[in-house]
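the sequence isn't on hand, but the structure is:
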Ligand SMILES: [Zn+2]
């Protein structure tokens, strides 16, 4: 007997779903997964984690898919955080001119998340990038978006490389010149 091929039906169904339906199904899947994980004993969890790790290490397809998924999740999360922070460089002195002639960099490729009052490196080291972005997405008080140039200028002006020590007379002159030209960006 000839086998019937059902290829394409799932894809067609997935295309047909409304955005609300997709959201609902995704939330149900997440809920189900959480319940399943909560029902496992520590030993069972270890088996699941080991299996996943082994699959990641031995199967190139799994690894590539996982890496792609992670990358996509990171890019989307970063984009959401930058949009929440205004989507453009917050420095009033930003010298970047966009293609429409306005000032203040809007290029997501070089926008960075900056701690308005410093202390960023410590926080970065204490948690994963994902956890940090999630945290900023939930509560963005004290954070701002700066383009790479403005972020660097702020670091030099605030003497963040020298642990806040004032400029001494034997330091390179360009540091003194640049910090006297521009007011510190907060
Ligand atoms: Zn800027």
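All right, it came through fine. All figures in this text were calculated on a predicted structure; none of them were measured in a lab. Residues are numbered from 1 along each chain as shown.

and the gap between the residue nearest in space to the middle of the chain and residue 84?
By CA atoms, centre = their mean, the chain has its centre lying nearest to residue 78, at 3.0 Å. Distance of residue 78 to residue 84, computed by CB to CB, to the nearest Å: 11 Å. C-beta coordinates here come from the backbone N, C-alpha and C atoms, glycine included.

for the protein, give me the ranges with low pLDDT.
Applying pLDDT under 70 to the chain flags residues 1-6, 161-186.

what parts of it come near the ion?
Within the chain, the positions near the ion by CB under 5 Å from the ion are 89, 91, 94, 105, 147, 150.

narrow those residues to those in strands?
residue 147 (DSSP state E).

what is the end-to-end distance of stretch 103-121?
Stretch 103-121 has an end-to-end distance of 28 Å (CA to CA, to the nearest Å).

so which bits of it are buried?
The neighbour-count check on stretch 103-121 (16 or more other CB atoms under 10 Å) flags 104, 105, 106, 111, 112, 113, 114, 120 as buried.

so what's the fourth one bridging to?
The one in question is residue 111. Assessed by DSSP bridges, residue 111 has beta-bridge partners residue 147.

need the contact list for it.
82, 87, 88, 89, 105, 145, 146, 147, 148 (CB atoms under 8 Å, 6 or more residues apart in numbering).

residue 140 against residue 86, yeah?
No - judged on CB atoms under 8 Å, residue 140 makes no contact with residue 86 at a distance of 9.5 Å.

other residues contacting stretch 46-56?
When contacts are defined by CB under 8 Å, 6+ apart, stretch 46-56 is touched by residues 40, 62, 63, 66.

ignore the last one, stretch 76-87
By CB under 8 Å, 6+ apart, the residues outside stretch 76-87 that reach it are 106, 108, 111, 113, 130, 133-134, 136-137, 140, 143-145.
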